[in-house]
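[1] All I have is the shape, not the residue letters:
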């Protein structure tokens, strides 16, 4: 009878362990762009190592406690030949009480020290002279990026150069908020860092692989918090330099879009948006100088196509309910003209 219960308990432990291993492997192999188990930057690598350490410690605690529980259930179960008398009672054990006090304290101290070391290594990282500097400003409900040394302003899509581990070229980001609390989070590149009004926070990344990394505002900031997305484009150094050069140039408008430019500059559009080389110098909304160089509009809510752009101008609520952008009540002809103008901004 005892051996039967023991075999059953061992089977349960094996099944649970296999399930946990399969779940972790599935998470690691997942193609999710926000998979924390696929780090691609030094801060994310450090956080990943800490996560695995914590998972290993907690898994060991689970196995030990569960095994002791199964042992107690099997060893002290009710038997058919029991005479009904209460078994001897133990009202204290200095050894047991010392063990369940000291061991948890040691575990907590170990986890605390490991976490503190990781936090310190990330927050106290020194900025090398060749680092790219970016100012990220959180708005309801979009991201503004400024490259002060490179004189470039863009929105929602952050471009950074890939960092060679032999010659690191990290990107250091200053985090500001224009209104309420936000949180800057790119799971595969770095941990979450809050943006607090009237306070400057910092984070940094040094991606080791080119590609597109998806992020998210991780602090509830209003009705469109879920659609306050961000995309990080990690490019080779040559591609990044080419992008900076293109963003530094003034967009030239053809004759076919002159009517749309006139409409844009004579409506409330210029109160919120800026376009280099024009009278539009607003700061409340995204800079549109190179709008069509971006893959998405509305902070990642829709692909950046002429059709979606026209629909966005006509009725922002149709794409992003709760957006701060008002419907301009333009006629179909004016909509076509403004859309044609904006599609020239590359």
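    All right, it came through fine. Not measured: the values here are computed from a predicted model. Numbers count the residues shown, from 1 in each chain.
[2] quick one: average confidence on the helix ranked longest in the chain?
    If each helix of the chain is counted by residues according to DSSP state H, the longest one is helix 42-75. Across helix 42-75, pLDDT averages out at 94.
[3] Buried ones in that helix, by neighbour count?
    By neighbour count, with 16 or more other CB atoms under 10 Å as the criterion, the buried positions of helix 42-75 are 42-44, 46-48, 50, 70. All C-beta spots, glycine's among them, are computed from the backbone N, C-alpha and C.
[4] Which strands and helices lie in contact with that helix?
    helix 2-29, helix 94-123, strand 201-205 (3 or more CB pairs under 8 Å, 6 or more residues apart in numbering; DSSP states H and E).
[5] From residue 41, how far off is residue 295?
    From residue 295 across to residue 41, the span is 21 Å (CB to CB, to the nearest Å).
[6] Which of the two has more residues huddled nearby?
    A direct count of neighbours by other CB atoms under 10 Å for residue 295 and residue 41 places residue 41 higher, at 25 against 14.
[7] which non-adjacent residue is nearest that one?
    Nearest residue to residue 41, sequence neighbours excluded (CB to CB, 6 or more residues apart in numbering): residue 189, at 4.2 Å.
[8] Assign a three-state SS to that neighbour, would you?
    coil (DSSP: H, G, I helix; E, B strand; the rest coil).
[9] Any figure for the gap between it and residue 108?
    From residue 189 to residue 108 the distance is 29 Å (CB to CB).
[10] who's more crowded, these two?
    residue 189 (25 against 10).
[11] mind listing what the more buried one touches?
    Residues near residue 189 by CB atoms under 8 Å, 6 or more residues apart in numbering: 39-41, 43-44, 205, 207, 213, 215, 232.
[12] per-stretch mean pLDDT over the helices and strands packed on helix 42-75, give me the minimum one.
    Ranked by mean pLDDT, the helices and strands packed on helix 42-75 bottom out at helix 2-29, with a mean of 51.
[13] in this structure, what residue sits furthest out from the centroid?
    residue 83 (62.5 Å; CA atoms, centre = their mean).
[14] ok, back up a step: for residue 97, see how far away the residue nearest to residue 41 is.
    From residue 189 to residue 97 the distance is 46 Å (CB to CB).
[15] ranges for the helices of the stretch 151-300 of the chain?
    Using DSSP state H, counting those that start in this stretch, the helices found in the stretch 151-300 of the chain span residues 237-248, 258-265, 269-272.
[16] got the ones you listed as a markdown table, with distance to residue 135 and mean neighbour count columns?
    Listed next are these as a markdown table, based on distance: least, CB to CB, whole Å; neighbours: other CB atoms under 10 Å:
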| stretch | distance to residue 135 | mean neighbour count |
| --- | --- | --- |
| helix 237-248 | 15 | 14 |
| helix 258-265 | 26 | 18 |
| helix 269-272 | 19 | 16 |
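[17] Save the ones you listed as CSV, and put in distance to residue 144 and mean pLDDT too.
    What follows is the helices of the stretch 151-300 of the chain, written out as CSV (distance: least, CB to CB, whole Å; pLDDT from 0 to 100):
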stretch, distance to residue 144, mean pLDDT
helix 237-248, 14, 93
helix 258-265, 20, 87
helix 269-272, 12, 89
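[18] Take the ones you listed and lay them out in a markdown table including distance to residue 200.
    Formatted as a markdown table, those follow (distance: least, CB to CB, whole Å):
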| stretch | distance to residue 200 |
| --- | --- |
| helix 237-248 | 24 |
| helix 258-265 | 33 |
| helix 269-272 | 24 |
